[in-house]
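**Q** using only what follows, build the 3D model:
(chains A and B)
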2 protein chains.
Amino acid sequence: MNTQIPKQTIAILGGTGKEGPGLALRWAYAGYPIIIGSRQLEKAQATAKELNERLGFEAATGLENADAARTADFSVLTVVQSAHQPALEGLKDALQGKILVDATARVDFRDPKPPAPPSAARTAQDLLGPGVRVVAAFQNVPAHVLKKNLGQSLDTDVLINADDVEAAKEIIHLAEAAGMRAYYAGGLDNAVVVEGITSLLISINKHYGIKTASIQVTGLVEVEKKEIPV
Amino acid sequence: MNTQIPKQTIAILGGTGKEGPGLALRWAYAGYPIIIGSRQLEKAQATAKELNERLGFEAATGLENADAARTADFSVLTVVQSAHQPALEGLKDALQGKILVDATARVDFRDPKPPAPPSAARTAQDLLGPGVRVVAAFQNVPAHVLKKNLGQSLDTDVLINADDVEAAKEIIHLAEAAGMRAYYAGGLDNAVVVEGITSLLISINKHYGIKTASIQVTGLVEVEKKEIPV
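**A** Residues are numbered from 1 along each chain as shown, chains lettered A, B, ... in the order given. As a prediction, the model looks like this:
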């Protein structure tokens, strides 16, 4: 960690749920200032306080979602699917000129089935317009996995989808900072497959009586040997 | 290999393309009698002859598709998407009471994009009716990988989808006989995700300048330690 250069600020929008605090903890631990965003300022501040207590240092503050998005360098949206569209509508102005990471999981754990195109991230891009660079990531990473052993790398591969490859590279860097391997896996339309992988993992876990099934990308040995282009 | 018990016969329907002969070679090498099916008897017989020459022993014969399906214990459909529905219509009677493995890949390599539900295998099940047990498998395994080093295990995970878990178990056994790890990953609807993974792999290969990207299931350590329920 280079402590000379201040790290960029990450807003976790809809960050008072399960997934958001997990990501926030990992980035805070890696030295990134965090803003927890919520529709209600008090809830955002309460979650930020909890995170700081868990961390043992002051890394997180709380703001309303649009203020959080406006203040941060990167925003990560971690709302449930039913809140996806209204949240985006309220964030459209604040996100112009920025990167939005959409982590929306569209598979219902109680009734898992593969979602149809378009992906959540494609819907977000269409709604936000070309002034926002949308990146899909982290839809499959369980919150309980993120919250454990903050300093350790996770045995988790994150598939990153974006139409803008440069934006994807920035998020690959953030994922790696949070202890995950991350790979560029095509444009925003491909994110529907990543969403659907959740449905496969739920089925595998159920059939084999485990809770730990996960998907890993292999065959990249050639990449690791040469300079990785990300 | 137990040479005392004759192995079950596998028909590769639409087996004169690229994928079919690859699977046929591996099963023939493992001791399974193979029937290559085609719309044209002569083409089926020619492919069977080529396979026997490659193998150095007589394992494959050629028949028209419906005759192949009627004669075999298991049938594996390896047609391109445009031939999927007409092939199934011609096979409906012959397949009653049997298991059909649908290996149809719905992603076009030149214009890869995630397919929408329903999966090819769900379409097949609807068309064939409840008298046929459809299993989705092998949609992502490249033909060139199958054709190399026949006696060696492949570093490939096959995701198996079927509404009938007992049928899935039989195909998991066949996949393992062909040198692949195979896992049950839910019902036929989930197969659309497996189809879409091809789109992710094409994007990963293109971005990283490789040809070897593949998806592996991890987190099954617990399963390997205890008795695997398949």
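**Q** every contact and neighbour count from this point should use C-alpha atoms.
**A** OK.
**Q** how about stretch A:141-161 as CSV, C-alpha atoms only?
**A** What follows is stretch A:141-161, C-alpha atoms only, in CSV (Å, rounded to 0.1, in the frame of the first residue of the first chain):
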residue,chain,number,x,y,z
VAL,A,141,-19.9,-12.6,-4.1
PRO,A,142,-21.7,-13.6,-0.9
ALA,A,143,-21.7,-10.9,1.8
HIS,A,144,-20.6,-13.4,4.5
VAL,A,145,-17.5,-14.2,2.5
LEU,A,146,-16.6,-10.5,2.1
LYS,A,147,-16.9,-9.8,5.9
LYS,A,148,-14.4,-12.5,7.0
ASN,A,149,-10.6,-12.3,7.2
LEU,A,150,-10.5,-8.8,5.8
GLY,A,151,-6.7,-8.8,5.2
GLN,A,152,-6.7,-12.1,3.3
SER,A,153,-7.3,-12.7,-0.3
LEU,A,154,-10.6,-14.4,-1.2
ASP,A,155,-10.7,-17.5,-3.3
THR,A,156,-13.1,-15.7,-5.6
ASP,A,157,-13.1,-14.8,-9.2
VAL,A,158,-15.0,-11.7,-10.2
LEU,A,159,-16.2,-11.4,-13.8
ILE,A,160,-16.2,-7.8,-14.9
ASN,A,161,-18.5,-6.6,-17.7
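**Q** distance from that stretch to the middle of the chain?
**A** 10 Å (Cα atoms, centre = their mean, to the nearest Å).
**Q** and stretch A:83-101, by the same measure?
**A** 14 Å.
**Q** just the buried positions in it, please.
**A** Buried residues in stretch A:83-101, counted by 16 or more other Cα atoms under 10 Å in any protein chain shown: A:84-85, A:87-88, A:91-92, A:94-96, A:98-101.
**Q** please narrow these to those residing in helices.
**A** A:His84, A:Gln85, A:Ala87, A:Leu88, A:Leu91, A:Lys92, A:Ala94, A:Leu95 (DSSP state H).
**Q** now the residues you listed in a markdown table, with pLDDT and distance to B:Gly31?
**A** Formatted as a markdown table, those follow (pLDDT from 0 to 100; distance: Cα to Cα, whole Å):
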| residue | pLDDT | distance to B:Gly31 |
| --- | --- | --- |
| A:His84 | 97 | 54 |
| A:Gln85 | 97 | 56 |
| A:Ala87 | 97 | 59 |
| A:Leu88 | 98 | 58 |
| A:Leu91 | 98 | 62 |
| A:Lys92 | 98 | 62 |
| A:Ala94 | 98 | 64 |
| A:Leu95 | 98 | 61 |
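**Q** can you redo the residues you listed as a markdown table with distance to A:Leu174?
**A** As requested, these are arranged in a markdown table below (distance: Cα to Cα, whole Å):
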| residue | distance to A:Leu174 |
| --- | --- |
| A:His84 | 22 |
| A:Gln85 | 25 |
| A:Ala87 | 23 |
| A:Leu88 | 22 |
| A:Leu91 | 22 |
| A:Lys92 | 23 |
| A:Ala94 | 21 |
| A:Leu95 | 18 |
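**Q** CA atoms only: put the longest helix seen in chain A into PDB for me.
**A** Assignment by DSSP H gives helix A:191-208 as the longest helix of chain A. Written as PDB, here are the backbone C-alpha positions of helix A:191-208 (Å, rounded to 0.1, in the frame of the first residue of the first chain):
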ATOM      1  CA  ALA A 191     -23.600  -9.600 -17.300                       C
ATOM      2  CA  VAL A 192     -26.800 -11.500 -17.600                       C
ATOM      3  CA  VAL A 193     -24.800 -14.700 -17.700                       C
ATOM      4  CA  VAL A 194     -22.900 -13.600 -14.600                       C
ATOM      5  CA  GLU A 195     -26.200 -12.900 -12.900                       C
ATOM      6  CA  GLY A 196     -27.400 -16.400 -13.900                       C
ATOM      7  CA  ILE A 197     -24.300 -18.100 -12.500                       C
ATOM      8  CA  THR A 198     -25.900 -17.400  -9.100                       C
ATOM      9  CA  SER A 199     -28.700 -19.800 -10.100                       C
ATOM     10  CA  LEU A 200     -26.200 -22.500 -11.000                       C
ATOM     11  CA  LEU A 201     -24.300 -22.100  -7.700                       C
ATOM     12  CA  ILE A 202     -27.500 -22.300  -5.600                       C
ATOM     13  CA  SER A 203     -28.400 -25.600  -7.400                       C
ATOM     14  CA  ILE A 204     -24.900 -27.000  -7.000                       C
ATOM     15  CA  ASN A 205     -24.800 -26.100  -3.200                       C
ATOM     16  CA  LYS A 206     -28.300 -27.600  -2.700                       C
ATOM     17  CA  HIS A 207     -27.500 -30.900  -4.600                       C
ATOM     18  CA  TYR A 208     -24.100 -31.500  -2.900                       C
END
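**Q** give me the buried positions along it.
**A** A:191-205, A:207-208.
**Q** run through who's touching whichever helix or strand A:Pro21 is part of.
**A** Using DSSP states H and E, A:Pro21 sits within helix A:19-29. Contacts of helix A:19-29 with the rest of the structure, by Cα atoms under 8 Å, 6 or more residues apart in numbering or on different chains, involve A:12-15, A:33-34, A:36, A:47, A:51, A:55, A:59-60, A:78, A:142-144, A:146-147, A:150-151, A:174, A:177-179.
**Q** now list the buried members of the residues you listed.
**A** The neighbour count (16+ other Cα under 10 Å) marks A:12-15, A:33-34, A:36, A:47, A:51, A:55, A:59-60, A:78, A:143, A:146-147, A:150, A:174, A:177-179 as buried among the contacts of helix A:19-29.
**Q** narrow these to those in strands?
**A** Using DSSP state E, the members of the buried ones among the contacts of helix A:19-29 that fall in strands are A:Ile12, A:Leu13, A:Ile34, A:Ile36, A:Ala60.
**Q** if we ignore the residues flanking it in sequence, what's nearest the third one?
**A** With sequence-adjacent residues excluded and distances taken as Cα to Cα, 6 or more residues apart in numbering or on different chains, A:Ile34 is closest to A:Ala60, at 4.6 Å.
**Q** list the contacts of the one you found.
**A** A:Ala28, A:Pro33, A:Ile34, A:Ile35, A:Ile36, A:Ala48, A:Lys49, A:Leu51, A:Asn52.
**Q** so which residues on chain A come close to chain B?
**A** A:113-117, A:183-186, A:189-190, A:192-193, A:196-197, A:199-201, A:203-204, A:207-208, A:210, A:212-220, A:222-223, A:228-229 (Cα under 8 Å from any Cα of the partner chain).
**Q** just flag the most distant two among the ones in strands among the buried ones among the contacts of helix A:19-29.
**A** A:Leu13 and A:Ala60 (12.8 Å; Cα to Cα).
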